[in-house]
Structure formats: structure tokens, C-alpha cells
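Undergrad: this one's sequence-less:
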């Protein structure tokens with residue numbers, strides 16, 4: 001992958017998860033903690049377990065983790081692993097330990113993804129997977145933020 005494109009992809013992935021850099025935003029709010037990790041920071045397991053239109057913030061968070069895992073496996077092995085998409089939505093309630101485990105898993109997959117952006121031997125399939133993962137994660141960032149508006153009243 002061209003170095004300019006690689007750096008651009010990494011910048012947008014970081015904005016999705018960590019929030020925008022100090023100099024402004026490409027697509028999130030230009031405020032601290034506007035990325036997935038900032039939005040989830042300090043969220044209790046009770047809040048993460050509240051149902052909004054049949055799903056929970058915990059389920060969305062674990063679904064992002066699962067999708068990133070699939071992306072990481074695709075980048076490592078060159079093909080997508082068998083994935084059970086329905087299973088990625090089965091979380092209805094979590095306790096603090098489960099909630100912390102989901103968030104730690106998401107951070108781990110995120111760190112792995114950033115490393116793979118640098119290390120992968122790129123082809124069109126892997127590039128499509130990476131860009132799709134970025135778009136998918138950004139979509140869920142928006143969904144989580146909208147769900148929070150509902151649960152916070």
C-alpha cells in the first residue's frame with residue numbers, strides 16, 4: 001500500500017477509535033473523547049446493558065470487536081475466517097467484569113489492526129477489507145452515540 005494512503009487510513013482508524021487529533025477532525029466531532037474509546041470511557045455495565053430498539057451498547061461494542069477480529073484474521077491469512085454474525089449480537093446484559101473484558105478485547109483488536117496496517121502485504125482484497133472495517137467501525141461509532149442519547153434521555 002502506498003505510504004500516503006497507509007498513513008491516511010491509520011489517521012482515520014485512530015480518529016474512529018481514539019478521537020480526532022488536536023488539529024481537528026475529519027469526520028467526528030472535533031472534541032476530545034469523540035472516538036469509540038472516549039465514548040465508552042467510564043460507561044457502566046448497567047448502561048452498556050440497557051436495550052435500545054432490541055440491542056445494547058455492549059452488543060454494539062462486542063460486534064465491533066468481532067468485526068475487527070475478522071479483519072485482522074483476513075489481513076494475516078489473506079482470507080476471511082468463518083464468522084457467525086448473529087452470534088456477535090447475542091449480548092443482552094453484562095456485569096462489570098464482562099464489560100471490561102469486551103472493552104479490553106476491542107482495544108487489543110484495535111492495536112493489532114494498527115500494526116497490521118504497517119505490516120500486511122497489501123493486495124486489493126486486503127485493502128478493501130481494511131477500508132470496509134474503517135467504514136463499519138465509523139458507522140457503529142455513530143450508532144453508539146445515538147443510542148447514548150436515548151439511554152441518557
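TA: Noted; the coordinates are in hand. Since this is a predicted model, take the numbers as computed values, not measurements.
Undergrad: As a check, name the ranges of all strands in this structure.
TA: Secondary structure of the chain (DSSP state E): strands located at 51-52, 55-56.
Undergrad: Name the residues of the longest helix belonging to the chain that come out as buried.
TA: The single longest helix within the chain, with elements called by DSSP state H, is helix 124-151. Within helix 124-151, the residues that qualify as buried by neighbour count (16 or more other C-beta atoms under 10 Å) are 126-127, 129-130, 133-134, 136-138, 140-141, 143-144, 147-148, 151. All C-beta atoms are positioned from the backbone trio N, CA, C, and that covers glycine.
Undergrad: mind showing which ranges of the chain have poor pLDDT?
TA: 1, 26 (pLDDT under 70).
Undergrad: which other residues reach stretch 47-61?
TA: 36, 40, 43, 45, 88-94, 98-99, 102-103, 106, 140, 143-144, 147-148, 150-151 (C-beta atoms under 8 Å, 6 or more residues apart in numbering).
Undergrad: run the last query once more with 6 Å
TA: 89, 91, 93, 94, 99, 102, 140, 143, 144, 147, 150, 151 (C-beta atoms under 6 Å, 6 or more residues apart in numbering).
Undergrad: now stretch 2-21
TA: Applying C-beta under 6 Å, 6+ apart, the external contacts of stretch 2-21 come out as 26, 28, 30, 33-38, 110, 117, 134, 137-138, 141.
Undergrad: Look up the closest residue to residue 64, ignoring the ones flanking it.
TA: residue 140 (5.0 Å; C-beta to C-beta, 6 or more residues apart in numbering).
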